[in-house]
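J.: Predicted model and sequence below, questions to follow.
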Amino acid sequence: MRINGSTILHGIMGNPVSHSLSPAMHNSAFAALKLNAAYVPFPVTDVAGAMTGFKALGIRGVSVTIPHKQAVIPHLDEIDPVAARIGAVNTLDIQHGRIIGHNTDWLGANRALQEKITLAGSRVLLLGAGGSARAIGFGLLEAGAHIMLASRTAAKGRELAQTLNCPWHALDEIPDLAADCLVNATSVGMAPQIEASLVPKACLSRFSVVMDIVYAPLETRLLIEASEAGCQVVNGLAMLLYQGVAQFELWTGRPAPVAVMRDSLLAALAAR
Ligand code: NAP
């Protein structure tokens with residue numbers, strides 16, 4: 001890829017961002033479509049200054065990651081209605097000096113799940129009450145799924161369940177729950193706690209589809225046991241990929257080269 005006077009710049013703002021897989025994914029997509037565009041990391045502590053700078057410098061699109069997904073909202077000119085309901089923005093669409101905030105995390109989760117199951121009318125047991133569970137929960141509502149939420153900290157879990165208008169359960173109630181689909185949106189199973197899973201193996205056969213949003217490792221204990229129990233499984237790479245696909249299509253107006261982006265994510269993960 002050559003950088004020249006016409007290169008359209010994109011990036012990811014967060015703190016830290018050096019670990020991000022997004023530059024590899026988006027730059028491979030730009031290269032595959034021969035677009036004169038590039039995507040770079042922006043380690044940001046001054047959110048207000050960065051938002052002014054993006055407009056001033058003509059940056060076209062920015063991914064937003066931890067810890068800035070809420071902090072960018074007061075600095076937007078417009079926000080997508082679902083992102084506003086979620087209360088978190090992971091994508092900035094910057095054109096004509098205006099910044100529009102979007103959330104593609106829920107789009108990524110829905111697309112990953114919809115490769116295996118029709119969400120409308122399905123019962124989904126969603127584990128967790130953090131930022132990802134919140135985005136995925138709103139996405140499941142958008143798709144017409146029926147949610148049950150289970151999480152560790154009761155007050156936080158009940159609050160999210162109330163927001164999503166769904167029942168909340170303690171983690172020790174999981175063996176009594178049945179649904180079409182199970183989604184782990186907690187960090188349980190992530191390295192270094194790769195031996196951990198919130199769902200007893202004996203319960204897994206009651207779900208047709210099991211998705212884990214943890215992507216390091218790709219094969220979590222939950223997914224290994226779900227495969228052994230005969231479930232269809234979706235790993236965390238799928239959500240990461242499809243949230244990036246939605247960003248790419250928003251910024252470029254072109255269909256994303258999905259296979260290229262998946263391969264670049266796999267290569268970047270393997271190189272870690
Ligand atoms: P977060 O806001 O910090 O929420 C973490 C959630 O995990 C909370 O609900 C927390 O429980 C729960 N949790 C953590 N340790 C637990 C334990 N030992 N037992 C039970 N519950 C536990 O994090 P997040 O941003 O939602 O991210 C969660 C995970 O998703 C991370 O591993 C992250 O890497 C991954 N992720 C993947 C993607 C993707 O595209 N695939 C995107 C974003 C994040 P409490 O409710 O008790 O606090």
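T.: Thanks, I have it. Only a predicted model underlies this, so the values are computations on that prediction, with no experimental measurement involved. Numbering: from 1, shown residues only.

J.: Let me see the domain layout of the protein.
T.: Using automatic domain parsing, the domain parsing of the chain gives 8-103+238-270, 107-234.

J.: Those into a markdown table, with extra columns for mean pLDDT and mean neighbour count?
T.: Every C-beta, even on glycine, is put in place using the N, C-alpha and C of the backbone. Output for those, formatted as a markdown table (pLDDT from 0 to 100; neighbours: other Cβ atoms under 10 Å):
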| stretch | mean pLDDT | mean neighbour count |
| --- | --- | --- |
| domain 8-103+238-270 | 98 | 18 |
| domain 107-234 | 97 | 19 |
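
J.: List the contacts of the residue in the stretch 101-250 of the chain that the ligand sits nearest to.
T.: Nearest residue of the stretch 101-250 of the chain to the ligand: Gly130, at 1.9 Å (Cβ to the nearest ligand atom). Gly130 is in contact with 185-187, counting by Cβ atoms under 8 Å, 6 or more residues apart in numbering.

J.: Run through the strands of the stretch 51-200 of the chain in chain order.
T.: Taking DSSP state E, counting those that start in this stretch to define them, one finds strands in the stretch 51-200 of the chain at 61-64, 78-79, 91-95, 98-102, 123-127, 146-151, 168-170, 181-184.

J.: Could I get the domains of the chain in a markdown table, plus columns for distance to Arg2?
T.: Shown next, in a markdown table, are these (distance: least, Cβ to Cβ, whole Å):
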| stretch | distance to Arg2 |
| --- | --- |
| domain 8-103+238-270 | 8 |
| domain 107-234 | 30 |
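
J.: quick one on the thing from earlier: out of the contacts of Gly130, which are close to the ligand?
T.: Restricting the contacts of Gly130 to those within reach of the ligand (Cβ under 6 Å from any ligand atom) leaves 185-187.

J.: Surely Arg262 and Leu237 touch.
T.: Yes - in this structure, Arg262 is within contact of Leu237 by Cβ atoms under 8 Å, at 7.2 Å.

J.: what's the span of stretch 208-218, first residue to last?
T.: 19 Å (Cα to Cα, to the nearest Å).

J.: quick one: it near the ligand?
T.: Yes - Stretch 208-218 is in contact with the ligand by Cβ under 6 Å from any ligand atom, via 213-215.

J.: need the contact list for the nearest residue to Trp168 once chain neighbours are set aside.
T.: Closest residue to Trp168 apart from its sequence neighbours, by Cβ to Cβ, 6 or more residues apart in numbering: Ala161 at 3.5 Å. Applying Cβ under 8 Å, 6+ apart, we find Ala161 in contact with 149, 167-168.

J.: can you put the residues you listed in JSON lines and add distance to the ligand?
T.: Output for the contacts of Ala161, formatted as JSON lines (distance: Cβ to the nearest ligand atom, whole Å):
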{"residue": "Leu149", "distance to the ligand": "10"}
{"residue": "Pro167", "distance to the ligand": "16"}
{"residue": "Trp168", "distance to the ligand": "11"}
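
J.: Dump the longest helix along the chain to PDB, restricted to CA.
T.: Ranked by residue count and defined by DSSP state H, the top helix of the chain is helix 236-252. Coordinates of each C-alpha in helix 236-252 appear next as PDB, following Å, rounded to 0.1, in the frame of the first residue of the first chain:
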ATOM      1  CA  GLY A 236     -15.400 -14.500  19.200                       C
ATOM      2  CA  LEU A 237     -13.700 -13.900  15.900                       C
ATOM      3  CA  ALA A 238     -17.000 -13.800  14.100                       C
ATOM      4  CA  MET A 239     -18.300 -10.800  16.200                       C
ATOM      5  CA  LEU A 240     -15.000  -9.000  15.900                       C
ATOM      6  CA  LEU A 241     -15.000  -9.600  12.100                       C
ATOM      7  CA  TYR A 242     -18.600  -8.500  11.500                       C
ATOM      8  CA  GLN A 243     -18.400  -5.400  13.600                       C
ATOM      9  CA  GLY A 244     -15.400  -4.400  11.400                       C
ATOM     10  CA  VAL A 245     -17.300  -5.400   8.200                       C
ATOM     11  CA  ALA A 246     -20.100  -3.000   9.200                       C
ATOM     12  CA  GLN A 247     -17.600  -0.200   9.900                       C
ATOM     13  CA  PHE A 248     -15.800  -0.800   6.600                       C
ATOM     14  CA  GLU A 249     -19.100  -0.700   4.600                       C
ATOM     15  CA  LEU A 250     -20.200   2.500   6.500                       C
ATOM     16  CA  TRP A 251     -17.000   4.300   5.700                       C
ATOM     17  CA  THR A 252     -16.400   3.100   2.100                       C
END
